[in-house]
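Peer 1: build me a structure from this.
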Amino acid sequence: MPVNTDPLALIDAPSRPRPGNDRTQRQRCNPTTRRRRGSVSVWRALAFGLASVASCLLIATAHAETADSEVPLWAQRMLSKTTGARMSQLGDDRVEVVLRVQLGADASRADGSAANPYPTIRAGMAAAVDQLAAGKPTKLLIGPGTYREAADDISTRLGQVRETLLIIEGAGPERTVWTGADVVAASEWQDIGNGVLATDWPHDFGHAAPNWGPPDFLAQRSEMLFVDDQMLRQKLIEPVEVTRTGRLRVGSRTGFAYERLPVSDPRDVLEPGSFGVAERDDSGEWSNRLFLRPESVSGFLQSAVEVSTRPTLLRIDGPKENLVLRGIAFTRARSHRLGGPIGPLDLDQMTDLLIDNCHFIWNNSTGLRLTGLRITIRNSRFDYNGDGGLNFDHNRHIRLEGNTTNFNNWRGHWGGYRIWAMGGIKFHHTEFNILKDHVAIGNLCAGIWYDIQCEHIYVENLVSAYNTRGLFLEIGNGPHFVDRSILAHAPNIPLHLMITGTTTVRNSIIYNGSDQAKTRAEREKERANTREPWQTPTPVFDVLNKRRESSWHATQRLVRPGLNLFENNVIAAGRSESMLAVIEPGLDYSEHNHAFKYVGRGNIFHLAGASESDPLFALLDAKPEWTKQAGDLADFRSWVDESDAVFANPAFANPSVLDFSIPANSPLARNKQLPTRAIDPDLVQAAADFFKWAEWGAFNDHLRRLR
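Peer 2: Got it, this is the predicted structure:
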């Protein structure tokens, strides 16, 4: 079970020499499946001309200098002044009224002053709304403590509430904790045998899911139970069989049909470290009871048990302008899918919102859902949530800096749902978007997903690793600009570009696959025995332009593919992978074949353990097969240009556990633009602990020594 730790910074581990590799130089390059071995491509001729590590070093250094050109003008303007909340409107200097809340204060004397603070957030919020309605910018200071309550609605339709500044500030997320859970005393539990305990359950939370899923019943539940701050896994005492009605597609009217199955005996279902609930009145002797099976019954009387009961902690009714949330932890809200600790379902058209140093952790659904204009989120955590960490829809001018979205979608994973509509961050219809210094590790879904008409996207110093996908750019005109990032270890591709406009990826490390000492045959055998769709062989990155008719979002605005520029990157794979890149120009579809272009400049490639006959690149036709279209490589010159590729072993220290530091003799040693560093090993250990708890085995090869 993972420990709730503070955000972990990236650190530069000391460079240290590593044993050499006989395959330091791979002087070959094959952008096809190499079925036509008789022809010698320009790629291979160039590669054979690079005869030493010294030559690799000179080429890499030269391109490191050219790759450090200025960012595009549109990105410079976003970075300097146009993107994010307008801080001049959100400062403390604008505040006219300060109200205080302190847990345990005397309610009979409370007036919000320092001497007589309000005892509850609810009371303080009600007083703040009165001040906002009168047009007085207000700060609500919430003192240290664990607040077990839900605040009444902030109605933005009263007076001047909508446009007047409100700052809600705690004493820091470790000290001011706003929780959706209540304590259940150990004395309230009854031992019913086989290590299982039971208590009364007066709630009927029911189940809920959007019409697109997930269909598994456990993923539609919202109960959470914690013992000594460790969450237990949920099991179904009242199982239900769920079937979809109608075809799932855009614009369809689909839903679910439910068939109740016989009630289970909790003593047979529960394992140590799990819990379940029987909320119905007609479940026989198990009706209206909550059950848990702790790891140890003997030590249970000394344990602290909490059960989540509140779906929303702070409710904002209507669009709000000029809002600051600072120094608060929002945790353990039992929202159904698409909900969250701040509601309703999403924050409706927030304008000039600042979230600073807050934690949205261990909530049943999404950490935070937002719709709005001019939003800044910094130095905050969105970790361990049952759905995604952050979800944005129809936003403009968003700035995210120094945040984490780690270890999310455990609820979806329990229901076998990991692929759609959620991510560490999931963006829909976002324009003028900055993502800087972000960490997305260990999500049981995509790490970062820009989906459906995302435009003017700037990504810098992103670390996305151990997710089902790393960085996914889908169906957007762009331009997209990705710089100095680490994208690593994703069973469904670390970097995936599908139906995108102009995209630049530079100065980044793109890595996939385990370096553990397993043969490729062993890996292929493991993949053949798993049902996970993303356990099939995958490349390190792909650039795909599929025909519009087959796209899920075929009704969206037309995307014109343009230049895909990959400059000064390290593109490498461990022994478990069999391909570095896949390029699919959409050759049979006129919308794409005149506009698509892939250009590589100064990239270093490495495929560990590959033989001379292994393909490194594949050009695909419209069918998803590992083959190229009929014709010679010359037929594809108009779409692909990787004229100065270098094949060399970068000699990363231990990429399986995200240590991308290098020794002094690495061909990358003089390349100062690449993020050749190690990720904090404590964060990697937290990923191993989380995967063990969630029963997620996709990265056993990488992390087996840490479990």
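
Peer 1: straight-line length of stretch 183-197, end to end?
Peer 2: 16 Å (C-alpha to C-alpha, to the nearest Å).

Peer 1: and if you look at stretch 485-493?
Peer 2: 15 Å.

Peer 1: run through the bridge partners of the residue nearest to S113 when sequence neighbours are not counted.
Peer 2: Closest residue to S113 apart from its sequence neighbours, by C-beta to C-beta, 6 or more residues apart in numbering: R100 at 6.8 Å. Where you see a C-beta, it was placed from the backbone N, CA and C, and this is true even at glycine. Under DSSP bridges, the beta-bridge partners of R100 are L141.

Peer 1: who's in contact with R100?
Peer 2: 112-114, 117-118, 124, 140-141, 143 (C-beta atoms under 8 Å, 6 or more residues apart in numbering).

Peer 1: swap the cut-off to 7 Å and go again
Peer 2: By C-beta atoms under 7 Å, 6 or more residues apart in numbering, R100 lies in contact with 112-114, 117, 141, 143.

Peer 1: how about the strands in the stretch 451-600 of the chain?
Peer 2: Shown for the stretch 451-600 of the chain, the strands assigned by DSSP state E, counting those that start in this stretch span residues 455-465, 469-476, 480-483, 486-488, 495-500, 503-506, 509-512, 541-544, 563-567, 570-573, 581-584, 597-601.

Peer 1: other SSEs contacting the first one?
Peer 2: Just to be clear, that refers to strand 455-465. Applying 3 or more C-beta pairs under 7 Å, 6 or more residues apart in numbering; DSSP states H and E, we find strand 455-465 packed against strand 423-441, strand 446-451, strand 469-476, strand 480-483, strand 486-488.

Peer 1: G386 is nearest to which of those?
Peer 2: Nearest of the helices and strands packed on strand 455-465 to G386, taken as C-beta to C-beta: strand 423-441 at 13.4 Å.

Peer 1: let me see the mean pLDDT of that closest one.
Peer 2: Mean pLDDT, strand 423-441: 96.

Peer 1: angle of that strand against strand 446-451?
Peer 2: 140 degrees (axes from the mean of the first three to the mean of the last three C-alpha atoms, to 10 degrees).

Peer 1: helices or strands up against strand 423-441?
Peer 2: By 3+ C-beta pairs under 7 Å, 6+ apart, strand 423-441 packs against strand 390-401, strand 446-451, strand 455-465.

Peer 1: give me that answer again for 8 Å
Peer 2: strand 390-401, strand 446-451, strand 455-465, helix 681-694 (3 or more C-beta pairs under 8 Å, 6 or more residues apart in numbering; DSSP states H and E).

Peer 1: distance of the residue nearest the centre of the chain from E642?
Peer 2: The C-alpha lying nearest the average C-alpha coordinate of the chain belongs to G424 (C-alpha atoms, centre = their mean; 1.5 Å). Separation of G424 from E642 (C-beta to C-beta, to the nearest Å) stands at 30 Å.

Peer 1: and for S287?
Peer 2: 66 Å.

Peer 1: quick one, which of those two is more surrounded?
Peer 2: Neighbour tally, S287 and E642, criterion other C-beta atoms under 10 Å: the higher count belongs to E642, 20 against 14.

Peer 1: in this structure that one contacts G600, no?
Peer 2: Yes - with contact defined as C-beta atoms under 8 Å, E642 and G600 form a contacting pair (3.7 Å).

Peer 1: between the two, which contacts overlap?
Peer 2: Joint contacts of E642 and G600 (C-beta under 8 Å, 6+ apart) do not exist.

Peer 1: stretch 578-588: how far from the chain's middle?
Peer 2: Remark: stretch 578-588 is offset 25 Å from the chain centroid, using C-alpha atoms, centre = their mean, to the nearest Å.

Peer 1: flag every buried residue along that stretch.
Peer 2: For stretch 578-588, the neighbour count (16 or more other C-beta atoms under 10 Å) marks 578-587 as buried.

Peer 1: pick out whichever of these sits closest to N408.
Peer 2: Within those, the smallest distance to N408 is 27.3 Å, found for V582 (C-beta to C-beta).

Peer 1: contacts only, for the closest residue to that closest one other than its chain neighbours.
Peer 2: Among residues not flanking V582 along the chain, D542 sits closest, at 3.9 Å (C-beta to C-beta, 6+ apart). Listed by C-beta under 8 Å, 6+ apart, the contact partners of D542 are 493, 495-498, 581-584.

Peer 1: repeat the analysis, applying 7 Å as the threshold.
Peer 2: Here D542 is in contact with 493, 496-497, 581-582 (C-beta under 7 Å, 6+ apart).

Peer 1: can I get those residues in TSV with pLDDT?
Peer 2: Formatted as TSV, the contacts of D542 follow (pLDDT from 0 to 100):
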residue	pLDDT
I493	91
H496	94
L497	93
A581	82
V582	80
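
Peer 1: re the thing from before, quick one: the residue nearest to S113 from R162, how far?
Peer 2: Distance check for R100 against R162: by C-beta to C-beta, it reads 24 Å.

Peer 1: I377 pairs with what?
Peer 2: I355, L400.

Peer 1: tally up the residues packed near it, please.
Peer 2: Neighbours of I377 (other C-beta under 10 Å): 24.

Peer 1: and what of the one 5 residues further on?
Peer 2: Summarising burial for F382: neighbours were counted as other C-beta under 10 Å, giving 29.
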